[in-house]
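Visitor: Provided below for reference: sequence and predicted model.
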Amino acid sequence: MATSPAHRTAAVPARVLRLRGGRWDSRSDRLAGEEPMEVRIAIAGGPAEPIAVTMRTPGADFALAAGFLVTEGIVEAADIEGVAYCTDPAEEQAYNVVVVASRRPPRREVRARAHAVTAACGVCGTATLEDLCARCAPVADARAVPAAALLGLPDVLLEHQRGFDRTGALHAAGLFGPEGVPVCVREDVGRHNAVDKVVGWAALEGRLPLGGHVLLVSGRSSFEIVQKAAVAGIPVVCAVSGPSSLAVATADALGVTLVGFLREDRMNVYTHPHRITREA
């Protein structure tokens, strides 16, 4: 049975291995919830047709669906007659599919965002993760990375953020060797684009898979970032902010060591801590 909207949460409990001032401990934590949501349009009472899939934190789903369609120029606000969740009782993830009733057909098509739209209501974190695991083998790299090397990465990344220095508006993704030496740093207005630029550079240089490397992103870790790292064979993914719940689940399933809140003398290790030597 589908989990009702009232029981979905923006904060998901988790356990984390935490480093603070040279001391490690295990504590409870809260992760930002992340799940895909499929948006469909039903024209004048007809069947609902898939339009796009977007990653989101559950909550205000109807407003998100309507706002997405309006701001993307797909429908006019005045044409929206109503919004509802998928009502197929046989689907476990019905509350991850939102149907918008419109008086008129879409003004234009939009490419599915983040994932291919499916015909079933089962668009959910579980289904998305299962699909990824079916086409991406877990990262098996067992080489360890010193905690001290990780702690120095944010400053090194910042030194290479030339575009950010000029604009203050760009994300960065940096690929590092196991001892913290920068290999490739790229910037973009989108976190995911910056990671794609790093992986694309490695692909064009014939360097994939990227075993023994560390990826650091300047924002938070999302499902897409962990997915891209796993496909590229990167065993350790770090971020200066926290991860989403689906990012943690993905990293755990795909053998990726996921580190968040990497700043100064601190970090949280969410998955596969065996790759990090704890002498900070």
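Guide: Received the coordinates, thanks. All values derive from a computational prediction rather than experimental measurement.

Visitor: before we move on, which element is residue 130 in?
Guide: helix 125-135 (DSSP states H and E).

Visitor: Three-state assignment for residue 139, please.
Guide: coil (DSSP: H, G, I helix; E, B strand; the rest coil).

Visitor: dump the residue contacts of it.
Guide: 211, 230, 233, 234, 235, 254, 255, 256 (C-beta atoms under 8 Å, 6 or more residues apart in numbering). Where you see a C-beta, it was placed from the backbone N, CA and C, and this is true even at glycine.

Visitor: which one of these is nearest residue 191?
Guide: residue 234 (15.0 Å; C-beta to C-beta).

Visitor: picking that back up, okay if I get the contacts of residue 139 as JSON lines plus pLDDT, neighbour count and distance to residue 140?
Guide: Formatted as JSON lines, the contacts of residue 139 follow (pLDDT from 0 to 100; neighbours: other C-beta atoms under 10 Å; distance: C-beta to C-beta, whole Å):
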{"residue": "211", "pLDDT": "96", "neighbour count": "15", "distance to residue 140": "8"}
{"residue": "230", "pLDDT": "93", "neighbour count": "24", "distance to residue 140": "11"}
{"residue": "233", "pLDDT": "94", "neighbour count": "21", "distance to residue 140": "9"}
{"residue": "234", "pLDDT": "95", "neighbour count": "27", "distance to residue 140": "12"}
{"residue": "235", "pLDDT": "98", "neighbour count": "27", "distance to residue 140": "8"}
{"residue": "254", "pLDDT": "96", "neighbour count": "23", "distance to residue 140": "10"}
{"residue": "255", "pLDDT": "97", "neighbour count": "17", "distance to residue 140": "6"}
{"residue": "256", "pLDDT": "98", "neighbour count": "28", "distance to residue 140": "11"}
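
Visitor: Can you name the two of these that sit furthest apart?
Guide: 211 and 254 (13.7 Å).

Visitor: who's in contact with the helix holding residue 130?
Guide: 34-36, 93, 115, 118, 223, 227, 230, 245-246, 249-250, 253-254.

Visitor: let's go with 6 Å and repeat that
Guide: For helix 125-135, contacts defined as C-beta atoms under 6 Å, 6 or more residues apart in numbering pick out 35, 36, 227, 246, 250, 253.

Visitor: Tell me which helix or strand comes right after the helix or strand harbouring the fourth one.
Guide: Looking back up the chat, that one is residue 246. Per DSSP H and E, residue 246 falls inside helix 245-253. Counting by DSSP H and E, the element after helix 245-253 in chain order, helix or strand, is strand 257-263.

Visitor: Let me see the mean pLDDT of that next one.
Guide: In this model, strand 257-263 has an average pLDDT of 97.

Visitor: Using CSV, write out every CA atom in it.
Guide: Only the C-alpha atoms of strand 257-263 are listed here, as CSV (Å, rounded to 0.1, in the frame of the first residue of the first chain):
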residue,chain,number,x,y,z
THR,A,257,32.0,6.0,0.6
LEU,A,258,29.9,9.1,1.1
VAL,A,259,31.1,12.0,3.2
GLY,A,260,29.2,15.2,4.1
PHE,A,261,29.9,18.4,5.9
LEU,A,262,33.5,18.2,5.0
ARG,A,263,34.8,21.5,6.6
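
Visitor: could you say what helices and strands it packs with?
Guide: strand 236-239, strand 266-271 (3 or more C-beta pairs under 6 Å, 6 or more residues apart in numbering; DSSP states H and E).

Visitor: what lines up beside the helix or strand following the longest one in the sheet?
Guide: Put plainly, it is strand 266-271. For strand 266-271, the succeeding helix or strand toward the C-terminus, using DSSP H and E, is strand 276-277. Paired with strand 276-277 in the same sheet, following DSSP bridges, are strand 145-146 (parallel).

Visitor: Show me what the helix or strand following the partner strand is in contact with.
Guide: Of the helices and strands lying after strand 145-146 in sequence (DSSP H and E), the nearest is helix 147-151. The contact list for helix 147-151 (C-beta under 6 Å, 6+ apart) reads 179, 180, 276, 278, 280.
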